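Chemist: show me the folded form of this:
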Amino acid sequence: MNRSINEKICELRKARSLTQEKLGSLLGVSSQAVSKWEKGESLPDIMIIPTLCEVLGITADALLEVPESVQKNDCMCNLKEYARKVGEIRASFESLQACSVVSSDHKGSAQISDTGIRINNTRGYGIIISGKDMLTKIANTPASSIKRICNIINDDNVMKVFAALDFEKPKSELDISNDTGLAINEIQPILFKLLKANICECRDDEKYVFGLNSYVIFATLAGIYLDSPDGRKDIYSISRNYMAK
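Modeler: This next block holds a predicted model:
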């Protein structure tokens, strides 16, 4: 059963831990106006719909109940046309970024429930752990796996080499040496270690790119970063919305 606009506004406001006063302040209206929206006594002015949707993290189509088939057809036609112009990879990444919820005040936020975790910085989603099963699996990660990853990245020179690598631009040992300031004989054993862990790959031309397990390192570093002073600044608020199972 489709929810009404007033139900959506109320539900999304609470999910973001916003009071009616705070939402009204962000939109330049009174808390009484927000209250009337949520009671179904009135509707938001069409001019503030874009800002309202940005604050609540919902598209205008979804808020106003434009049929999904219309949304999908229009979206896919536009995306295909854009992909022809800029390339499929770039279009895919940009479409994902465009769908990310960006906090309206340009600060990050975090939401934690018993079924998942979502953390977004100033650009959009940073970390999403969806589902209680995944939370349980992560919480029960063997200490040996944690130690193995930490042993790999707990080295300044390893991190210099890791930071010099790229997903799409292959780099030679000389390129990495120039980027890091390390000698080639220092780089080679590090690259071997990263190759062995599938964190980087060596192409036929003897140039290196990130490997499949580089995503594991990025995920680990993201968690570590969030515990740093800069990371804590990037996460503006914590809301714990414990939902029914």
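
Chemist: going forward, measure contacts and count neighbours with C-alpha atoms only.
Modeler: Noted.

Chemist: where in this protein is pLDDT low?
Modeler: 1-2, 65-76, 89-127, 130, 234-245 (pLDDT under 70).

Chemist: what about the strands in it?
Modeler: 109-113, 116-120, 125-130, 200-202, 208-210, 238-240 (DSSP state E).

Chemist: the fourth one pairs with which strands, parallel or anti?
Modeler: So the one you mean is strand 200-202. For strand 200-202, the paired strands and their directions (DSSP bridges) read strand 208-210 (antiparallel).

Chemist: list the contacts of the strand it pairs with.
Modeler: 165-173, 199-203 (Cα atoms under 8 Å, 6 or more residues apart in numbering).

Chemist: again, only this time at 6 Å
Modeler: Strand 208-210 is contacted by residues L165, D166, F167, P170, K171, C200, E201, C202 when judged by Cα atoms under 6 Å, 6 or more residues apart in numbering.

Chemist: just put the residues you listed in CSV and tack on distance to T136 and neighbour count.
Modeler: Shown next, in CSV, are these (distance: Cα to Cα, whole Å; neighbours: other Cα atoms under 10 Å):
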residue, distance to T136, neighbour count
L165, 32, 21
D166, 32, 14
F167, 31, 13
P170, 37, 18
K171, 38, 20
C200, 29, 23
E201, 31, 23
C202, 35, 18
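
Chemist: A62: which of those is nearest?
Modeler: F167 (34.5 Å; Cα to Cα).

Chemist: contacts only, for that closest one.
Modeler: By Cα under 6 Å, 6+ apart, the neighbours of F167 are V209, F210.

Chemist: the protein: helices as residue ranges?
Modeler: 5-15, 20-27, 31-39, 49-56, 60-64, 68-86, 88-99, 132-139, 143-153, 156-164, 173-180, 184-196, 214-226, 229-234 (DSSP state H).

Chemist: so which elements touch the second one?
Modeler: On a contact count with 3 or more Cα pairs under 6 Å, 6 or more residues apart in numbering; DSSP states H and E, helix 20-27 meets helix 31-39.
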